Structures are given as C-alpha cells and as structure tokens.
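**Student:** sequence first, predicted coordinates after that:
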Amino acid sequence: MTQAPSLPRLAIGALGGTLSMKASQPDAGVTPAVDAQAMLQAVPPLADLAQVHAQTLHLIPSASLTFAQLLDVLHWADAQVQAGAQGVVITQGTDTLEESAWFLDLLWPHDAPLIVTGAMRPASHVSADGPGNLLNAAITALDPASRRRGVLVVMNEDVHGARHVRKTHALAIHAFTSPGYGAVGSVVEGQVRYRQALQVRQALPVPVRTDHKVALLEATLDGDTLLLDQIVGLGYAGLVVNGFGAGHVSQDWAVRLGEIAEVMPVVVATRTGEGATARGSYGFVGGEIDLQARGVLMAGELDARKVRIVMWLLIGSGMQASLQNHL
Ligand code: ASP
C-alpha cells in the first residue's frame, strides 16, 4: 500500500475472529484465515488516512483468547504508541470483544486511543462488515477527539465505551449496544461525532501475579450448591455471581456466599442485562441487604463478566481491597 510520509501513524494488530474468517472450501464453515496484510487490502481508503503498520498477532477465534495473550497485546499496543503511533486498532472476534475491550481499558495508560473492532459477517460474505468496521475504527483512532477516552469499541458505525458495551445479539450486524447508556458516538460521513463527554479515567497497574482464577457462576431457579461448595477448595481467588434481578440469590446461596466472602472477594451482579443492583431495597435472605451484611459486594451496573475481569486484575496487583471503588 502506498503511503505519503506526512500522514499520521496508525498501528493495527489483528487477533482473528469473524473479520478474518473465510471457508477453505465451498461447504465448509469459516475459520480464521485472513492475516493483517490481506485485511488491509480490503480497505483501500486506509492508505489515504495513515501510514499503517499492520501486524498479525494471532489468528484465532476470540473464545480462545486468554488474559496472558491480552497482556501481550497491551504491551504491543504500548510499544506502537511509544514508537509514534497516533492511535492503535485491535481487530478480534466479537464473542469476547466486550471483555477484551474492558480488560485493555482498565490497563491502557495512554491518551492515544486504543480501538477494538471486529465483524459479524465473515470476510468471504457478499456484504462483509469487517472492512467498513476497520475503516471506521481507523477514523476513530486518528481523531483527536478520541484522545483520553481509553479503549473504545467501534462496530456498525457506533462508538461504544468499554465499560458499558455488550454483544446483545448473536448474529445481527447491530450486535453491539451499551444498554442503559447508548453509544458514546458514531462515525458519520467519515467523521467521529461524540455525544457523551469524556470521563476521567486512571489506569490500573499491570498485574504482577497472573496465575490466579476468578470464578463466575449464575444464579438460576432451583440452582444447586454443588459448585459453590467446591469454590474455596478448588483454590479460586475470587467469585462473581450473576444474580437474579437487582442482585439476589436463593437462601442456600446466600449462606454459602457469606462463608466464601470470609476468604475471598465475592461480588453479586444482575443477570438482567440492564440496570444496577440495589443497595437498600430488599430485606429477604438472599436479597442485597442480607448479602452485604454477609460481606458480599454488589456490582452496581457493572455486568458480571466485567466484574470478573476487574477483580482478576486487582487481585493480580494485590489491590483487591479497593474492589468496591471499581464497581
Ligand atoms: N463469531 C465470532 C466473531 O464474531 C467468532 C469470534 O469471536 O472469534 O468474530
């Protein structure tokens, strides 16, 4: 790709996902196959926007991404900014994109934007959304108004903050939403338009410990306690429960959670998909007042998967005592 030297520098790191997928033969399912260079060839306008350094970091479905790989991605993106990139774009599968974006957002120390994007339709699809998403992600990464906003998710012409974004549809092109908040901006006519002010943010330290595990269990009707009873013995360092309604569990679970909270942090979130856990409304056993009295924390509006990530990072830095401040 020919690039004028006066253009800003943009780094693109490819991790795989549907954006990079195509079928190896007509009747086969799609798998990751398109590397970063081939991805760029599908987006010719990029050459007019930036001097692009594109690198294939992984070529995998996002279900198999690990925290260790994301820490490597963070270091790679950090090195790109240190080397002069004005912004960084990471492409990955959409299945875990909301978690990666949040993980990276909590650790991203730069004013320069870090944008995560993907695609709902494979590269081989007749109307693939990957090239358009990548172009919009690049536009967002290069826009000065994106600075100091941390990690943003650009999908389907929307720009979402990492804290609230979720994949809320299995296959639709408009799969990404920020329930209760809405997108922070959109890419319209090749320009980013922000409609939410930037929030003050402070990056967490990179964890020194990474071998610990945080469990996530969901409360369900007539749910048993077999797994809960094993959590401490299995060596978990923390527990997140995707609770009912405003952050509730059954009586049996409430007793177990109180016991577990004596040895590790326990947070109860709402499994509803929108809204915050209550703090002082319900007085029954297993309600949020009872749970807090047992030493359990309430997640507020943060969804259970994202609580798990912030808990994992804080434990890895010996900062679990500050967990409440991040909910
Ligand atoms: N369906 C996924 C995607 O949208 C696959 C993955 O997450 O890698 O990319």
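**Tutor:** Noted; the coordinates are in hand.
**Student:** quick check: residues of the stretch 101-250 of the chain near the ligand?
**Tutor:** G118, M120 (CB under 6 Å from any ligand atom). C-betas here are computed from N, CA, C, even on glycine.
**Student:** list the contacts for the closest residue to G283 other than its chain neighbours?
**Tutor:** Of all residues not flanking G283 in the chain, I289 sits nearest, at 5.3 Å (CB to CB, 6 or more residues apart in numbering). Contacts for I289 (CB atoms under 8 Å, 6 or more residues apart in numbering) come out as R279, G280, S281, Y282, G283.
**Student:** let's have these in CSV, adding neighbour count, secondary structure and distance to the ligand.
**Tutor:** As requested, the contacts of I289 are arranged in CSV below (neighbours: other CB atoms under 10 Å; DSSP: H, G, I helix; E, B strand; the rest coil; distance: CB to the nearest ligand atom, whole Å):
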residue, neighbour count, secondary structure, distance to the ligand
R279, 13, coil, 35
G280, 9, coil, 39
S281, 11, coil, 37
Y282, 17, coil, 37
G283, 9, coil, 42
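**Student:** max-length strand in the chain?
**Tutor:** strand 51-60 (DSSP state E).
**Student:** next SSE after it?
**Tutor:** helix 67-82 (DSSP states H and E).
**Student:** check which element follows that next one along the chain.
**Tutor:** That would be, after helix 67-82 and using DSSP H and E, strand 87-91.
**Student:** packing partners for that next one?
**Tutor:** Counting contacts by 3 or more CB pairs under 8 Å, 6 or more residues apart in numbering; DSSP states H and E, strand 87-91 is packed against strand 9-16, helix 67-82, strand 114-117, helix 130-142.
**Student:** put the alpha carbons of the very next helix or strand once past the last one into PDB.
**Tutor:** Spelled out, that is helix 130-142. Later in the chain than helix 130-142, the nearest helix or strand by DSSP H and E is strand 151-155. What follows is strand 151-155, C-alpha atoms only, in PDB (Å, rounded to 0.1, in the frame of the first residue of the first chain):
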ATOM      1  CA  VAL A 151     -10.400   1.900  24.900                       C
ATOM      2  CA  LEU A 152     -13.400   2.300  22.500                       C
ATOM      3  CA  VAL A 153     -15.300  -0.300  20.600                       C
ATOM      4  CA  VAL A 154     -16.300   0.600  17.000                       C
ATOM      5  CA  MET A 155     -18.900  -1.600  15.400                       C
END
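**Student:** who touches stretch 200-216?
**Tutor:** Contacting residues not belonging to stretch 200-216 are listed as 67-68, 71, 74, 105-109, 148, 150, 231, 234-242, 304-305, 308, 310-319 [CB under 8 Å, 6+ apart].
**Student:** tell me which of those fall in helices.
**Tutor:** Judged by DSSP state H, the subset of the contacts of stretch 200-216 located in helices is 67-68, 71, 74, 105-107, 304-305, 308, 310-316.
**Student:** so what pLDDT did the residue in the stretch 201-327 of the chain that the ligand sits nearest to get?
**Tutor:** Nearest to the ligand, among the residues of the stretch 201-327 of the chain, is R305, at 14.1 Å (CB to the nearest ligand atom). If you check R305, the pLDDT there is 98.
**Student:** burial count for the closest residue to it other than its chain neighbours?
**Tutor:** Using CB to CB, 6+ apart and skipping the chain neighbours, the partner closest in space to R305 is E99 (5.5 Å). By the criterion of other CB atoms under 10 Å, E99 has 21 neighbours.
**Student:** wait, a strand at E99?
**Tutor:** No: read with DSSP: H, G, I helix; E, B strand; the rest coil, E99 is helix and lies in no strand.
**Student:** contacting residues for it?
**Tutor:** R305, K306, I309.
**Student:** output these as a markdown table; include the columns neighbour count.
**Tutor:** Shown next, in a markdown table, are these (neighbours: other CB atoms under 10 Å):
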| residue | neighbour count |
| --- | --- |
| R305 | 16 |
| K306 | 27 |
| I309 | 23 |
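**Student:** so which of those residues comes closest to N136?
**Tutor:** Nearest to N136 among these: K306, at 23.6 Å, using CB to CB.
**Student:** and the nearest residue in space to that closest one that is not next to it in sequence, how many neighbours does it have?
**Tutor:** Excluding its sequence neighbours, the residue lying closest to K306 (CB to CB, 6+ apart) is W102, at 4.9 Å. Neighbour count of W102, defined by other CB under 10 Å: 28.
**Student:** would W102 count as being in a helix?
**Tutor:** Yes: using three-state DSSP, the assignment for W102 is a helix.
**Student:** residue of this structure nearest the ligand, please.
**Tutor:** G93 (1.9 Å).
**Student:** OK, contacts around that residue?
**Tutor:** By CB under 8 Å, 6+ apart, the neighbours of G93 are L15, G16, G17, T18, L19, I60, P61, S62, A63, L65, G118.
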